[in-house]
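Enquirer: Turn this into a structure:
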Amino acid sequence: MTSSTRDLINLPPWLRPSIGRASELSTVQRIVKQRGIHTICEEGRCPNRGECYSNKTATFLLMGPTCTRACAFCQVDKGHAPLPLDPEEPDKVAESVALLGLKYVVLTSVARDDLPDKGASWFVKTIAAIRTRLPDTQVEVLTPDFWGGDAAAEQQRQRVETVASAAPACYNHNVETVPRLQGPVRRGGRYDRSLAVLQYAKAVNPTLPTKSGLMLGHGETVAEVIETLQDLRQVECDRVTLGQYMRPSLAHLPVQKYWTPAEFEELGDVARNLGFSHVRSGPLVRSSYHAGESP
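Expert: Okay, here's the model as predicted:
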């Protein structure tokens, strides 16, 4: 029995998602693989990929499958140099969106600290490519923090503004966990920098919806989660997702607690009472889960 099989057996029953029908899964997989592009659904082993693929939806992972950071929760490939950008990737993504008939698309990316602008302009190019083919399709972005070793806060602000000025349907950046656990969980990210991303995006256009998310299960307390939700509202974050951290492999951080559906529902109510306009809170919720749907 493999470690992944043991992990699945040991999961609480509410964390065992449907795998979807093979024919529907293969449709999305075939389209993205033929074009040499990537989805976070596969690279991050998202537990909802069966459901999403069955509905012919996917969150596209830009700039290759290799991240320049080493977050302890994430399955995405890391630890070696990423490949050069594929100049045809924006058009390949746009073609895939058209083939899948998507009306709402989420674009995310690995962290590319090796690039001069950390990848900000690549988001803009991909948004433009999608709109050229499908002008009515809405595009949400889920970006890294655009911080690099040579970057000051002003450079980070400019990069965020570059993406926000492309007028996405929503600007998403995840704080991932509570302030106390940022170091061991995010390795390379910082809480204040993440709050700044959301603040910079909102400053470009006060009507632009902003969004963030947390993974529960790293040892956080209810009080710490509520404090983080309050911090997000302080920077006028409009939408939030709360989901359960699920250990991708034995090389990743162990799960400290499996939060119950009832606990997620209670935290969702807290978020709504704090003023978030769009709240998704549940064990299998992820950043782009049902992103294009009303709350």
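
Enquirer: now the helices for the stretch 151-295 of the chain?
Expert: 153-164, 182-186, 191-204, 222-234, 261-274 (DSSP state H, counting those that start in this stretch).

Enquirer: ok, of these, where does mean pLDDT dip lowest?
Expert: With a mean of 89, helix 182-186 has the lowest mean pLDDT of the helices of the stretch 151-295 of the chain.

Enquirer: returning to what we had before: so which of the helices of the stretch 151-295 of the chain is the most packed in?
Expert: With neighbours taken as mean count of other Cβ atoms under 10 Å, the helices of the stretch 151-295 of the chain reach their highest mean count in helix 191-204, at a mean of 20. Every C-beta, even on glycine, is put in place using the N, C-alpha and C of the backbone.

Enquirer: Which elements pack onto the helix or strand residue 128 falls within?
Expert: Taking DSSP states H and E as the definition, one finds residue 128 inside helix 120-133. For helix 120-133, the contact count by 3 or more Cβ pairs under 8 Å, 6 or more residues apart in numbering; DSSP states H and E identifies strand 59-62, helix 89-100, strand 104-109, strand 138-142, helix 153-164 as packing neighbours.

Enquirer: Rebuild those as TSV, extending it with distance to residue 125.
Expert: Formatted as TSV, the entries for the helices and strands packed on helix 120-133 read as follows, by distance: least, Cβ to Cβ, whole Å:
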stretch	distance to residue 125
strand 59-62	9
helix 89-100	5
strand 104-109	11
strand 138-142	12
helix 153-164	11
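
Enquirer: so which of the ones you listed comes closest to residue 82?
Expert: Closest approach to residue 82 among the helices and strands packed on helix 120-133 is made by strand 104-109 (10.7 Å; Cβ to Cβ).

Enquirer: Now do the helix holding residue 128 against strand 138-142, angle only.
Expert: 160 degrees (axes from the mean of the first three to the mean of the last three Cα atoms, to 10 degrees).

Enquirer: So what touches helix 120-133?
Expert: Applying Cβ atoms under 8 Å, 6 or more residues apart in numbering, the contact partners of helix 120-133 are 60, 62-63, 85, 89-91, 93-95, 97-98, 105, 107, 109, 112, 115, 137, 139, 141, 143, 146, 159-160, 162-163, 166, 168.

Enquirer: Assess the claim that residue 259 and residue 243 are in contact.
Expert: No. Under the criterion of Cβ atoms under 8 Å, residue 259 makes no contact with residue 243, lying 9.2 Å away.

Enquirer: joint contacts of these two?
Expert: Contacts common to residue 259 and residue 243, judged by Cβ under 8 Å, 6+ apart, are 216, 283.

Enquirer: circling back to that earlier point, going by neighbour count, list what's buried in the helix holding residue 128.
Expert: Counting neighbours by 16 or more other Cβ atoms under 10 Å, one finds that the buried residues in helix 120-133 are 120, 122-127, 129-131.

Enquirer: What is the nearest of those to residue 254?
Expert: residue 123 (33.3 Å).

Enquirer: separation between that closest one and residue 266?
Expert: Using Cβ to Cβ, to the nearest Å, residue 123 is found at 35 Å from residue 266.

Enquirer: Check residue 189 too.
Expert: 27 Å.

Enquirer: Then residue 238?
Expert: 21 Å.

Enquirer: repeat for residue 174
Expert: Distance from residue 174 to residue 266, by Cβ to Cβ: 21 Å.

Enquirer: same check, this time on residue 95
Expert: Separation of residue 95 from residue 266 (Cβ to Cβ) stands at 43 Å.

Enquirer: where in this structure is pLDDT low?
Expert: 1-9, 16-25, 40-57, 68, 70-80, 149-151, 289-290, 292-295 (pLDDT under 70).

Enquirer: Many thanks, have a good one.
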